[in-house]
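Asks: How does the following fold in three dimensions:
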Amino acid sequence: MTLTVAFAALGLVAGALSGMIGLGGGVLIVPALVLLFGFSQHKAEGTTLALLIPPIGILAVLPYFKHGFVDLRAAALICLGFVFGGWIGGNLATSISEVALRRIFAGTLLAISIRLWFSK
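Replies: Here you go, the predicted structure:
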């Protein structure tokens with residue numbers, strides 16, 4: 001899988017989960033960029049802020065950008081996927097029960113926590 005496809009797929013998954021369970025994209029995208037794509041923590045955070053620029057992250061991303069911790073290509077592709085994924089997730093969320101949705105949310109947070117806890 002090319003990086004272009006992988007970044008767009010990450011945005012799609014993060015957008016779908018965000019639309020479905022209200023989990024912020026940064027909670028998913030930052031660890032994915034670190035664990036799956038080998039980004040440094042700084043670069044992952046800066047890149048995630050860059051994809052949120054329209055309109056929220058402009059001031060937050062500037063220091064990261066000045067220090068070279070932003071991958072604009074990755075941010076743009078993830079953002080594109082996130083838009084469509086959010087729409088998909090929103091549609092999925094309205095079709096399942098509240099209990100199932102709560103369990104998906106909790107399971108997602110738990111899986112991310114465990115993975116981050118045991119990473120180097």
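
Asks: Name the surrounding residues that touch stretch 28-46.
Replies: Stretch 28-46 is contacted by residues 3, 6, 10-11, 13-14, 17-18, 26, 47-48, 51, 61, 64-65, 67, 69-71, 74, 78, 108, 112, 115-116, 119 when judged by Cβ atoms under 8 Å, 6 or more residues apart in numbering. C-beta coordinates here come from the backbone N, C-alpha and C atoms, glycine included.

Asks: Any of those residues buried? List them.
Replies: 6, 10-11, 13-14, 17-18, 26, 47-48, 51, 61, 64-65, 69-71, 74, 78, 108, 112 (16 or more other Cβ atoms under 10 Å).

Asks: So which of those residues sit within helices?
Replies: Of those, the ones assigned to helices by DSSP state H are 6, 10-11, 13-14, 17-18, 26, 47-48, 51, 61, 64-65, 74, 78, 108, 112.

Asks: Phi, psi for the most centrally placed residue in the chain please.
Replies: Centrality entry for the chain: nearest residue to the mean C-alpha point is Ile29, 2.6 Å, by Cα atoms, centre = their mean. For Ile29, the backbone dihedrals are phi -70, psi -40 (criterion: degrees, to the nearest 10).

Asks: tell me the average confidence for stretch 32-45?
Replies: Taken as a whole, stretch 32-45 carries a mean pLDDT of 88.

Asks: Nothing else from me, thank you.
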